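Asks: whatever this is, show me its structure:
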Amino acid sequence: MQVTITAVGPDNRGLADPIVHYVTGLGANIHEIQMYDHDSERLFAMFMRIDWPTEVEPVSILRERIMQIGTQKGLTLRVWARDEEDRPPRIAICTTYRSEPAEAVLNAIDDGVIQAEPAVIIGNRDRCQSLAEKHHLDFHNIGDERGNPNNKEMVKLFDSYDVDYVLLARYMRVLPPRICWSFAGGRIINLHHGLLPSYPGFQPYEDAFSHHMLTFGATIHFIIPELDAGNQIIHQNAFTVSPGSSLKEIKRIGETLHEPECLVEGVRRVIAREVELHFHRVVSID
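Replies: Residues are numbered from 1 along each chain as shown. Sure thing, here's the model as predicted:
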């Protein structure tokens with residue numbers, strides 16, 4: 001069974017060794033391992049993707065043993081296996097202002113297009129609370145009066161709702177590297193409202209419009225610590241407008257029609273296991 005293990009905590013010597021020794025000692029095959037040591041932050045992070053022999057030890061016991069190592073080493077560890085539970089994967093949907101992308105995903109789940117279970121809606125603004133109520137989901141606002149998010153509270157919610165995937169459905173805040181590493185390996189999916197890599201940042205419509213572009217689009221990609229990186233694209237699509245179209249009309253088409261459609265297809269591909277993230281690159285799964 002494919003299992004991912006993430007570790008985040010204060011940097012020190014010998015943090016990875018006991019984890020690697022334990023899993024290999026029971027016969028695990030390590031497919032991927034990445035480690036990050038940020039000297040200025042004194043932050044250690046590790047991601048490991050393994051083939052775990054469940055006939056030797058169930059994932060639940062593996063998790064207990066790994067958590068014990070985390071306690072000894074002062075690390076926050078997570079052990080995740082998509083196939084551990086016999087249920088659809090659970091998704092946490094994160095929002096800010098616009099509700100259309102999140103609602104499109106929820107409708108696609110209701111229609112059976114996406115075989116997943118919505119677990120919770122989390123926002124740094126209250127704008128999408130009514131959407132949560134409409135779909136009988138809990139809503140949590142983790143932002144202050146200026147929308148600055150409480151990232152520690154966000155992670156606590158991910159854990160308490162036992163989510164498999166985190167969906168940033170026009171969530172207009174950058175996740176800190178610590179969260180990206182904690183849920184590394186293709187567990188965080190982002191909707192970027194522009195065509196990557198040409199138009200990153202927070203105003204891709206305006207940037208493309210200023211370059212007199214007639215083609216606009218959206219990009220669905222896995223999140224890694226590097227902002228709007230280019231090798232993690234799950235799905236990308238574009239729409240074309242006529243010369244002279246106003247920026248207001250372009251954004252209306254993109255935000256209300258195009259972005260939601262693009263996000264649904266991107267999430268569907270991940271949930272259907274058509275693609276995964278290996279070594280920071282999207283790969284097709286046969």
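Asks: make it CA atoms for all contacts and neighbour counts henceforth
Replies: Fine.
Asks: residues in contact with residue 260?
Replies: Residue 260 sits next to 100, 101, 102, 104, 105 when contact means C-alpha atoms under 8 Å, 6 or more residues apart in numbering.
Asks: ok, of those residues, which one's closest to residue 73?
Replies: Nearest to residue 73 out of the contacts of residue 260 is residue 102 (C-alpha to C-alpha; 38.6 Å).
Asks: is it true that that closest one touches residue 169?
Replies: Yes: counting by C-alpha atoms under 8 Å, residue 102 sits close enough to residue 169 to count as a contact (5.6 Å).
Asks: shared neighbours, these two?
Replies: What both residue 102 and residue 169 touch, as defined by C-alpha under 8 Å, 6+ apart, is the set 93, 95.
Asks: out of those two, which sits in the more crowded spot?
Replies: residue 169 (30 against 25; other C-alpha atoms under 10 Å).
Asks: give me the pLDDT for that one.
Replies: Looking at residue 169, its pLDDT stands at 98.
Asks: quickly note the distance from it to residue 153.
Replies: 18 Å (C-alpha to C-alpha, to the nearest Å).
Asks: just to revisit the earlier point, in helices, which of the contacts of residue 260 appear?
Replies: In helices, defined here by DSSP state H, the members of the contacts of residue 260 are 100, 101, 102, 104, 105.
Asks: list the helices and strands the helix or strand residue 78 falls within packs on?
Replies: Secondary structure assigned from DSSP states H and E places residue 78 in strand 76-80. Counting contacts by 3 or more C-alpha pairs under 8 Å, 6 or more residues apart in numbering; DSSP states H and E, strand 76-80 packs against strand 2-10, helix 59-73.
Asks: for the ones you listed, give me CSV that also has mean pLDDT.
Replies: What follows is the helices and strands packed on strand 76-80, written out as CSV (pLDDT from 0 to 100):
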stretch, mean pLDDT
strand 2-10, 95
helix 59-73, 96
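Asks: which among those is found nearest to residue 189?
Replies: Across the helices and strands packed on strand 76-80, closest to residue 189 is strand 2-10 (C-alpha to C-alpha), at 16.5 Å.
Asks: so which elements touch that closest one?
Replies: Strand 2-10 sits against strand 43-51, strand 76-80, helix 177-182, with contacts defined as 3+ C-alpha pairs under 8 Å, 6+ apart.
Asks: which of these sits closest to residue 37?
Replies: Judging the helices and strands packed on strand 2-10 by C-alpha to C-alpha, what sits closest to residue 37 is strand 43-51, at 4.8 Å.
Asks: compute the inter-axis angle for that closest one and strand 76-80.
Replies: Interaxial angle of strand 43-51 relative to strand 76-80 (axes from the mean of the first three to the mean of the last three C-alpha atoms, to 10 degrees): 20 degrees.
Asks: give me the contacts around strand 43-51.
Replies: 1-12, 16, 28-38, 178, 181, 184-185.
Asks: quick one: contacts for residue 53?
Replies: Counting by C-alpha under 8 Å, 6+ apart, residue 53 has contacts 1, 26, 27, 28.
Asks: got the end-to-end distance for stretch 66-83?
Replies: This stretch, stretch 66-83, spans 18 Å end to end (C-alpha to C-alpha).
Asks: report the buried residues of that stretch.
Replies: 66-67, 69-70, 73-82 (16 or more other C-alpha atoms under 10 Å).
Asks: just those now: which is nearest residue 249?
Replies: Among these, and counting by C-alpha to C-alpha, the member closest to residue 249 is residue 82, at 40.9 Å.
Asks: that closest one reaches residue 164, doesn't it?
Replies: Yes: here residue 82 reaches residue 164: they are 7.1 Å apart, a contact under C-alpha under 8 Å.
Asks: hey, what's in contact with both of the two?
Replies: By C-alpha under 8 Å, 6+ apart, residue 82 and residue 164 have these common neighbours: residue 89.
Asks: could you find the closest non-adjacent residue to residue 28?
Replies: Of all residues not flanking residue 28 in the chain, residue 52 sits nearest, at 4.9 Å (C-alpha to C-alpha, 6 or more residues apart in numbering).
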